[in-house]
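[1] Give me the fold of what follows.
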Amino acid sequence: MITLGPRVLKTGLAVMLAIHITNWLGLEPPLFAAIAATFTIQPSIYRSWKQVLEQFQANTLGAVIAISAIYLFGSNPVVIGFVVVIVIIIGLKLKMEGSISLTMITVLVIMSSQKYDGLLAAGNKFIIVLVGMGSAFLVNILVSPPSSNKKFTSEMDLAFKELSLLMRTVISSELTEKSFQEGWRRLKKDEAKLEELYKTLDEEREKISRITRLDVREMVVFKQMLACLRHGLRLLDIIENHFFQSHPEMEESMVFDRHLEELITYHEMILLKHAGKIQEIEASYKMAVLDGTSQFLESIMAETGFEREHKLRIVIIGSAIYDYAFHLERLDELVDQYQKS
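    Below you'll find the predicted structure:
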């Protein structure tokens, strides 16, 4: 089932507003404003503003080059092609890759006009671009402003559900290999999406904190949530590469499976506490999980009955378990500090 997100709906609204304004001002063609609007809608207010500034600069440069080329060489296809190449090169040199497409359209519309009336026509086309960009920026701010922090927590919940399923079945092999690999790929995509969302949040906090004062302490919590997800992924990867190759006994598999269950449950409780769905995690439970991890790892290191390769593989897995547990404990502490403040 296809769902329409706020960004999709806002793009349609921005296009409608841009066309309406250009018609009201008597500017032609309004379609050009609609195209400019679609390029300006971004997932955050800061990125939308940055896109407006970048496109304004790039389109000004493109218009100047196009007008200069017409006055000097005319507007035949060879000249247009040459100007397009020049605009692309300059855009890449100035690191304005995101604005090249719209700048190209600006250049082509100005240079391919059947009736060229000098600066007046160029100015008309340029104003149309500004109307499109301005319409998109206004819609992005006024209509359901992007809330990346809420989206981050909802995406983290989805990613954790996938991690939980894989963590609880990786030892017991209850999932088919195909289902496990599909879940693994989805989890990797979720991680990449969360990384991008975190960057968006960090930009909002750093660049326009006067407009949207994001809680810096919550950013620290989000960063640690990402760290826990990464270490959970790393643990799954290490188990896949080392556990079954060590040819474990049934009892050993059950011990590992039970300990992973305890850790993923602890992870789940921390996220529920952050969401305000449960109260403080009991110290006795927390201590039992963390002490259990320490005792579990000590027993691995003290075991003398394993063959060398088997023990090396188990130690590698134990190290990943320790890292995961360490970051979970850190996340628990940060959530406590954030909620108390």
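[2] buried ones in the longest helix along the chain?
    Of all the segments of type helix in the chain, defined by DSSP state H, the longest one is helix 308-340. Neighbour-count burial for helix 308-340, counted by 16 or more other Cβ atoms under 10 Å, picks out 310-311, 313-318, 320-325, 327-329, 331-332, 334-335. (Glycine included, C-beta is placed from N, CA and C.)
[3] helix/strand/coil for the residue positioned nearest the centre of the chain?
    By Cα atoms, centre = their mean, the chain has its centre lying nearest to Glu196, at 2.2 Å. Look at Glu196: counting by DSSP: H, G, I helix; E, B strand; the rest coil, its state is helix.
[4] Break the chain into its domains for me.
    Domain ranges of the chain: 6-142, 148-340, per automatic domain parsing.
[5] most neighbours per residue, which of those domains?
    Mean neighbour count (mean count of other Cβ atoms under 10 Å) peaks for domain 6-142 among the domains of the chain, with a mean of 18.
[6] and the longest helix of the chain, what other elements does it pack with?
    For helix 308-340, the packing partners by 3 or more Cβ pairs under 8 Å, 6 or more residues apart in numbering; DSSP states H and E come out as helix 216-238, helix 250-274, helix 283-302.
[7] what's the offset of it from the middle of its chain?
    Taking Cα atoms, centre = their mean, to the nearest Å, one finds helix 308-340 lying 25 Å from the centre of the chain it belongs to.
[8] now do stretch 264-278
    Centroid displacement of stretch 264-278 relative to its chain, using Cα atoms, centre = their mean, is 23 Å.
[9] swap in stretch 152-161?
    12 Å.
[10] What of stretch 173-191?
    Centroid separation for stretch 173-191 versus its chain: 20 Å, with Cα atoms, centre = their mean.
[11] Quick one: residues in contact with that stretch.
    With Cβ atoms under 8 Å, 6 or more residues apart in numbering as the test, stretch 173-191 has contacts from 155, 158-159, 162-163, 165-166, 169-170, 226, 229-230, 233, 236.
[12] Grab the two from these that are most spread out in space.
    Longest distance between any two of those is 23.2 Å, between Thr169 and Leu226; criterion Cβ to Cβ.
[13] Might you list the low-confidence residue ranges for the stretch 201-341 of the chain?
    Along the stretch 201-341 of the chain, segments meeting pLDDT under 70 span 204, 206-215, 300-306.
[14] Looks like Leu27 contacts Asn124 (just checking).
    Yes. Counting by Cβ atoms under 8 Å, Asn124 is a contact partner of Leu27 at 6.1 Å.
[15] Please report the distance of Arg330 from Asp336.
    Per Cβ to Cβ, to the nearest Å, Arg330 is found 11 Å from Asp336.
[16] picking up where we left off before, dump the helices and strands packed on helix 308-340 to a markdown table, plus distance to Met16.
    What follows is the helices and strands packed on helix 308-340, written out as a markdown table (distance: least, Cβ to Cβ, whole Å):
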| stretch | distance to Met16 |
| --- | --- |
| helix 216-238 | 35 |
| helix 250-274 | 39 |
| helix 283-302 | 54 |
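[17] That concludes my questions; thank you for your assistance.
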